[in-house]
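Engineer: here is a sequence together with a model predicted from it:
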Amino acid sequence: MRELGYVEGKNLEIEWRFADGDYGRLPALAQELVQARIDVLVVDSTPGVKVAHAATTTIPIVMISVGDPVASGFVASLSRPGGNITGLSNVVAEVSAKYVELLREALPGLTRIAVLTNPDNSTHPRIAAQVQAAAKSMGMSATRILARTPADIEAGFAMLRKDGAGALIVLGDPFYGQQASQLGTLALQNRVPTLMTNRALAQAGGLMSYGQDLVEHYRRAATYVDKILKGAKASDLPVEQSTKIELVINLKTAKSLGLAIPAPLLLRADDVIK
């Protein structure tokens, strides 16, 4: 926003609200912001946009990273949103099969995987089903593990050990992002190769991450806010779907797990953590 000419306290006021991974707090936070008569509401995930959409149909809402906003009912189409919501969409659903391919390439003998999903995230069932279908097509099986609390995550690792899963896929979710340290620590403690959907989780101890640059999504969201503050209507601003996907490999984690990452996979990585 600074690069676009805004200075907080001068021509910009920001009302921050954080649910800290507790989706049950979202409705009250959304109502607070609506009652504060804000000009634009910026929301970073599918659960947040769903609550914001229920709270207001008039205040413009800018999405930061939402999987398939059309299927979620947030916009009529990417090119013509039609309502009070616009912003950026991710391509998690479109690349879900790639998660399985990357794990199979890193772990040639892999036969069973687990998928960590948040039951409060409406996009997760569809993505998990796609991962399971992809695994089946490659001669593997995939078990879905539900986790919406830190205790659930801990129990999930115990479950995947009991199930004999050789790797874990952690689907993108704000709560999981907040629990990056816990996820990374448990992955190392349980010696579970883990593929995550953003760099922060790979840096925390995951073996790999494959997903979009969320920092860039936040920067792009600012351009939507700028246009709306200057008079544009959310209904007229096409939803942007980023196509840049980053592969990050954590060699420190690979070494801790006693894994040798194949050279072709390392060469394709956008970043390698050593």
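Structural biologist: Structure's in. What do you need?

Engineer: surely V100 meets M140?
Structural biologist: Yes. The pair V100 / M140 is scored as a contact, 7.0 Å apart, by Cβ atoms under 8 Å. Any C-beta I mention is one placed from the backbone N, CA and C, and that applies to glycine too.

Engineer: which residues are in contact with both of these two?
Structural biologist: I113 (Cβ atoms under 8 Å, 6 or more residues apart in numbering).

Engineer: and these two? which has more neighbours close in?
Structural biologist: V100 (26 against 18; other Cβ atoms under 10 Å).

Engineer: name the element the more buried one belongs to?
Structural biologist: Here V100 sits within helix 96-106, counting by DSSP states H and E.

Engineer: what's the first helix or strand after that helix?
Structural biologist: Next element after helix 96-106 (DSSP H and E): strand 112-117.

Engineer: residues contacting L195?
Structural biologist: 99, 102-103, 167-170, 206-210.

Engineer: what do you get if the cut-off is 6 Å, keeping everything else the same?
Structural biologist: Neighbouring residues of L195 by Cβ atoms under 6 Å, 6 or more residues apart in numbering: 99, 103, 169, 208.

Engineer: out of those, which is nearest to G21?
Structural biologist: Comparing the contacts of L195 against G21 with Cβ to Cβ picks out I169 as the nearest, at 19.4 Å.

Engineer: partners of that closest one in the sheet?
Structural biologist: Beta bridges link I169 to V115, L195, judged by DSSP bridges.

Engineer: burial check on it, number of neighbours?
Structural biologist: Using other Cβ under 10 Å, I169 has 28 other residues around it.

Engineer: so for it, what pLDDT did the model give?
Structural biologist: Per-residue pLDDT puts I169 at 97.

Engineer: how about the one 3 residues further on?
Structural biologist: For G172, the pLDDT comes out at 88.

Engineer: now do A93
Structural biologist: pLDDT recorded at A93 is 63.

Engineer: quick check: phi and psi on L146?
Structural biologist: With angles defined as degrees, to the nearest 10, L146 sits at phi -100, psi 130.

Engineer: does it touch D120 like I think?
Structural biologist: No. L146 is beyond contact range of D120, at 9.6 Å (criterion: Cβ atoms under 6 Å).

Engineer: and stretch 99-110, what's buried?
Structural biologist: Using 16 or more other Cβ atoms under 10 Å as the test for burial, stretch 99-110 gives 99-100, 102-104, 106-107, 110.
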